[in-house]
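K.L.:
For reference, the sequence and a predicted model appear below.
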Amino acid sequence: MRDLPLPRSLWRETADPAPDVEELDGSVSADVAIIGAGYTGLSAALRAIERGLRPVIVEAKEIGFGASGRNGGVVSTKFRASLSDMAKHRGIETARRMNRLGHDAMDCVEHYVESCGIATAGFAKTGNLRCAHNALALQRLVDEARTAQDTFGDDSLTILGREETAAETGSTDFVGGVLNAHAGVIHPLNYARGLAKAVRSRGGRIFERSPVLSMKKEGDTIELIGPHGTVKAKRLVIATNGYSDATSATSMVRTAVIPFRSAMVATEPLPKETFDTLIPRGRSYSETRRMMRWFRRIDDRLLFGGRGAFGKTDSASAFDALERAMKRIFPQLATKAVTHRWSGLVAMTLDSLPQIGRLDARTAYSVGYNGTGIAMASLLGRYALDLVMGDEPDLALMRRKEPQSIPFYFLREPAVRVVAGWYQLLDRLGR
């Protein structure tokens, strides 16, 4: 195996300058404390400010350090779980509400970009095309689309055949697909930093490089204890997602998610004429293999990502496999160099749905976006704040009485490898 160069993220290279860092030093009070400065925590803080509260966010690393600053920038209404299965097993009205929440999440991102003035987020409602890798996968996509169309009156979906999908993607690797017009693309790190700027400009505080080492509750006060200071608040929102195992202070939600590494590569700048046939409409695209891969354009480069970078650190073999997959799907890129490689942790849940709820009357949480978190984390951050204030929003299947733990959590790392290997086998067999 060749040596792996240092991870190089295209988002970090092209992002707005990072804000000045303020670390927690001394004792600070707040109406609501929030652990985690990703989309969930930042959105919760903005919602708190709307409600006249003083929020304080504490972040162990930096704003957008986790998935919020490393994802593919695909803004989508979809869930990993099937709406058809939801309707079949949990009832049509529940599935209808889930479908509505998916669209609300997309609208939430658009609202934040506009109301917070995040022009450099580059948000564009270009649509997302799910590309089927075989006939069975296409039938599943079609069934899902027709359920949304016929049962929920969702007019954002269009079924495409083989030739239409080839024209959309510039690849003959797919047999068809379903286009979701209510979806888009964004610069994820600029979006996170823009949300943080809005929080601070409206009176909220964000402490970076300030890990929470422990938590203490006395009476009606929650105290978060860090290396050099404390935050005391009446209420708490936990928004740590795939990094919930970083501290014992968030152990209550740690076993609800399995961190799964997702990797990305970006090509060298490509000639303008390449994009005349390669994803010419500038949408985001994903395929239906279990070890899902996705791709999109960012300026004059192609960004290609997927699951399967095992372990706690970056892997040269995983990046090499991703590059091979990209060049198999797009032979026209065979001679093009990859200039950026990076990865981050996706938080997977047992039922492939986010989990949001209260741990007690003064503590709420929202975790487990299963790789589709830009929109849903933005929405659920708001609802987590409402929950901790005592509201009872209708969150359908995402609302939990308590975090749903992964059975045999201590076996999570070998289990991820076994499951991923099984998925790869099924993908090769076309199942």
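P.N.:
All right, it came through fine.

K.L.:
Which stretches in the stretch 1-150 of the chain count as strands?
P.N.:
26-35, 55-58, 74-75, 128-132 (DSSP state E, counting those that start in this stretch).

K.L.:
Now do the contacts for the residue lying closest to Gly38 once chain neighbours are set aside.
P.N.:
Take Gly38 and drop its neighbours on the chain: the residue closest to it by Cβ to Cβ, 6 or more residues apart in numbering is Ser68, 3.6 Å away. C-beta: built from backbone N, CA, C; applies to glycine. Each residue near Ser68 by Cβ atoms under 8 Å, 6 or more residues apart in numbering is listed here: Gly38, Tyr39, Leu42, Pro188, Leu189, Tyr191, Ala192, Gly373, Ile374, Ala377.

K.L.:
What subset of those residues is buried?
P.N.:
The neighbour-count test (16 or more other Cβ atoms under 10 Å) marks Gly38, Tyr39, Leu42, Pro188, Leu189, Tyr191, Ala192, Gly373, Ile374, Ala377 as buried among the contacts of Ser68.

K.L.:
can you tell which of the strands of the stretch 1-150 of the chain is closest to Ile356?
P.N.:
Evaluated over the strands of the stretch 1-150 of the chain, closeness to Ile356 peaks at strand 26-35, with 14.1 Å, by Cβ to Cβ.

K.L.:
and stretch 79-94, which residues are buried?
P.N.:
For stretch 79-94, by 16+ other Cβ under 10 Å, it's Phe79, Arg80, Ala81, Ser82, Leu83, Ser84, Met86, Ala87, Thr94.

K.L.:
In TSV: the strands of the stretch 1-150 of the chain, plus mean pLDDT, mean neighbour count and distance to Met348.
P.N.:
Output for the strands of the stretch 1-150 of the chain, formatted as TSV (pLDDT from 0 to 100; neighbours: other Cβ atoms under 10 Å; distance: least, Cβ to Cβ, whole Å):
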stretch	mean pLDDT	mean neighbour count	distance to Met348
strand 26-35	98	20	20
strand 55-58	98	27	25
strand 74-75	94	28	17
strand 128-132	96	26	19
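
K.L.:
Let's have those in JSON lines, adding distance to Lys327.
P.N.:
Shown next, in JSON lines, are those (distance: least, Cβ to Cβ, whole Å):
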{"stretch": "strand 26-35", "distance to Lys327": "41"}
{"stretch": "strand 55-58", "distance to Lys327": "41"}
{"stretch": "strand 74-75", "distance to Lys327": "21"}
{"stretch": "strand 128-132", "distance to Lys327": "16"}
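
K.L.:
Which helix or strand lies directly C-terminal to the host helix or strand of Lys327?
P.N.:
Per DSSP states H and E, Lys327 falls inside helix 316-329. Next helix or strand after helix 316-329 toward the C-terminus (DSSP H and E): strand 338-348.

K.L.:
That following strand vs helix 316-329, what angle?
P.N.:
110 degrees (axes from the mean of the first three to the mean of the last three Cα atoms, to 10 degrees).

K.L.:
Which helix or strand lies directly C-terminal to strand 338-348?
P.N.:
strand 355-360.
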